[in-house]
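>>> Need a 3D model of the sequence below.
(chains A and B)
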Amino acid sequence: GENVEQHPSTLSVQEGDSAVIKCTYSDSASNYFPWYKQELGKRPQLIIDIRSNVGEKKDQRIAVTLNKTAKHFSLHITETQPEDSAVYFCAASMKGAQKLVFGQGTRLTINP
Amino acid sequence: GAVVSQHPSWVICKSGTSVKIECRSLDFQATTMFWYRQFPKQSLMLMATSNEGSKATYEQGVEKDKFLINHASLTLSTLTVTSAHPEDSSFYICSASRLAGSSYEQYFGPGTRLTVT
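Next up, the predicted model:
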């Protein structure tokens, strides 16, 4: 089955700097890659997603890139702010499948 | 759109009793919902897939007789933890699946923190 690896497990950056979180997946049939942000004690929130027919997607300060050949995708956050501090999860699913396989999560801390 | 509610948000119960958790999609119909368990500082662990009108599909290692799932309508799935024990204490989160193009987006409920004493 699908396996998703996420790195790093923790990331600390200065406010205003950029943060990058990377994920790799094992099943080449996967074609949907969402990213979730989870603040302490709260629900995971879908913040951005990408499908395998595009290589990059951007939404204000966040962007996701996908390399299908290498089977990895990354989340980029620019001009980080304290409210970006949270745990971020990547996930993958196959075409037509509803089940998501999640990465292990990255705890991002933005230092003022 | 895509709002999912979950009730209760927290519950404390005594060992040996059963607890029911409800998951509702408020503004869309969801033929499929998912139940996850999350331990502190860990990722989401999928317990089961809840299918409207049919039996749930459980992940390996999850006891179906202990975690009863019912998905009686397109907007409601319930998880009942039967004969709860302290080791069942955890954060339980549901999600509802919505078709977007050729893929399904999942939207999560706010979670239920279960404490078994």
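
>>> and residue A:48, what does it touch?
Contacts for residue A:48 were tallied using C-beta atoms under 8 Å, 6 or more residues apart in numbering or on different chains; they are A:34, A:35, A:57, A:59, A:62, A:63, A:64, A:75. For every residue, glycine as well, the C-beta is placed using N, CA and C.

>>> That one and chain B, how far apart?
11 Å (C-beta to the nearest C-beta, to the nearest Å).

>>> Pull the number of nearby residues for residue B:52.
16 (other C-beta atoms under 10 Å in any protein chain shown).

>>> Okay, it and chain A: tell me how far apart.
12 Å.

>>> try residue B:44
Residue B:44 is 5 Å from chain A, by C-beta to the nearest C-beta.

>>> what does the average pLDDT come to for stretch B:84-103?
Here stretch B:84-103 scores 92 as its mean pLDDT.

>>> Sort out which residues of the strand or helix carrying residue B:70 are buried, please.
Using DSSP states H and E, residue B:70 sits within strand B:67-73. If you call a residue buried by 16 or more other C-beta atoms under 10 Å in any protein chain shown, then strand B:67-73 has these buried ones: B:67, B:68, B:69, B:71.

>>> In CSV, list those along with distance to chain A and pLDDT.
What follows is the buried residues of strand B:67-73, written out as CSV (distance: C-beta to the nearest C-beta, whole Å; pLDDT from 0 to 100):
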residue, distance to chain A, pLDDT
B:67, 17, 97
B:68, 20, 96
B:69, 15, 95
B:71, 13, 90
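
>>> Out of the contacts of residue A:48, which two sit at the greatest distance?
A:34 and A:63 (14.0 Å; C-beta to C-beta).

>>> Which of the contacts of residue A:48 fall within strands?
A:34, A:35, A:57, A:59, A:62, A:63, A:64, A:75 (DSSP state E).

>>> In ChimeraX, how would I select the buried members of those?
To isolate the buried members of these in ChimeraX, using 16+ other C-beta under 10 Å:
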select /A:34,35,62,63,64,75
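
>>> okay, the ones in strands among the contacts of residue A:48 in TSV with pLDDT and distance to chain B next?
Formatted as TSV, the ones in strands among the contacts of residue A:48 follow (pLDDT from 0 to 100; distance: C-beta to the nearest C-beta, whole Å):
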residue	pLDDT	distance to chain B
A:34	96	7
A:35	98	12
A:57	95	13
A:59	95	15
A:62	98	16
A:63	98	19
A:64	98	14
A:75	98	15
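
>>> and which of the ones in strands among the contacts of residue A:48 is nearest residue A:47?
Among the ones in strands among the contacts of residue A:48, and counting by C-beta to C-beta, the member closest to residue A:47 is residue A:35, at 5.4 Å.
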